[in-house]
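**Student:** below is the sequence, then the predicted model.
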Amino acid sequence: VQLQAFGGGLVQAGGSLRLSCAASGRTFTRAAMGWFRQAPGKGRAFVAADRWSGGPTYYADSVRGRFTISRNNTGNTVYLQMNNLKPEDTAVYYCAGRTAAGDLRRSPADYWGRGTLVTVSS
């Protein structure tokens, strides 16, 4: 199973980016997928997740209202639309998945993708 994330880059504060994460090797339609991030000098932190494809979504307080998580129609690609980006959003973003439905805020991920760097300049 592989999760491949892409879409990071350099953007000015107030701008937008969309991250994508394509999963291969198994179906994630009925499994949770989400995004975490690690800022310089800090630990990995939860950003957003869904419980299953098209299911309930969860957001960190710091991104709620600015970021949106979604999936494509097969459920095996997860997106993170990031609007009104702030310098404090600068981090390496990782996508994650579970083998079943669940809450990635509380249950450990079974799969991790390589990170994609997002840099927000002020």
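**Tutor:** Nice, thanks for sending it over.

**Student:** which residues are in contact with the residue with the largest distance to the centre of the chain?
**Tutor:** Distance from the C-alpha centroid of the chain peaks at S122, with 22.5 Å (CA atoms, centre = their mean). Each residue near S122 by CB atoms under 8 Å, 6 or more residues apart in numbering is listed here: A13, P87. To be clear about C-beta, it is placed using only N, CA and C from the backbone, and glycine gets the same treatment.

**Student:** when you give positions from now on, start the count at 18
**Tutor:** That works, and once the first residue is 18, the last one we named lands at S139.

**Student:** distance check, it against L20.
**Tutor:** For S139, the distance to L20 equals 31 Å [CB to CB, to the nearest Å].

**Student:** what's the answer for P104, then?
**Tutor:** Distance of P104 to L20, given as CB to CB: 27 Å.

**Student:** go on, Y110?
**Tutor:** Relative to L20, and taking CB to CB, Y110 is found at 12 Å.

**Student:** report the central residue of this structure.
**Tutor:** W52 (2.3 Å).

**Student:** so where does it fall, helix or strand?
**Tutor:** Assigned by DSSP states H and E, W52 falls within strand 50-55.

**Student:** listing partners with orientation, what would you give for that strand?
**Tutor:** Strand partners for strand 50-55, identified by DSSP bridges, are recorded as strand 61-67 (antiparallel), strand 108-114 (antiparallel).

**Student:** quick one, strands of the chain?
**Tutor:** Assigned by DSSP state E, the chain shows strands spanning 19-23, 26-29, 34-41, 50-55, 61-67, 74-76, 84-88, 94-99, 108-114, 128-129, 133-138.

**Student:** can I get those strands in JSON lines including mean pLDDT and distance to D120?
**Tutor:** What follows is the strands of the chain, written out as JSON lines (pLDDT from 0 to 100; distance: least, CB to CB, whole Å):
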{"stretch": "strand 19-23", "mean pLDDT": "96", "distance to D120": "18"}
{"stretch": "strand 26-29", "mean pLDDT": "98", "distance to D120": "29"}
{"stretch": "strand 34-41", "mean pLDDT": "98", "distance to D120": "18"}
{"stretch": "strand 50-55", "mean pLDDT": "98", "distance to D120": "9"}
{"stretch": "strand 61-67", "mean pLDDT": "98", "distance to D120": "7"}
{"stretch": "strand 74-76", "mean pLDDT": "98", "distance to D120": "7"}
{"stretch": "strand 84-88", "mean pLDDT": "98", "distance to D120": "13"}
{"stretch": "strand 94-99", "mean pLDDT": "98", "distance to D120": "15"}
{"stretch": "strand 108-114", "mean pLDDT": "98", "distance to D120": "12"}
{"stretch": "strand 128-129", "mean pLDDT": "97", "distance to D120": "16"}
{"stretch": "strand 133-138", "mean pLDDT": "98", "distance to D120": "23"}
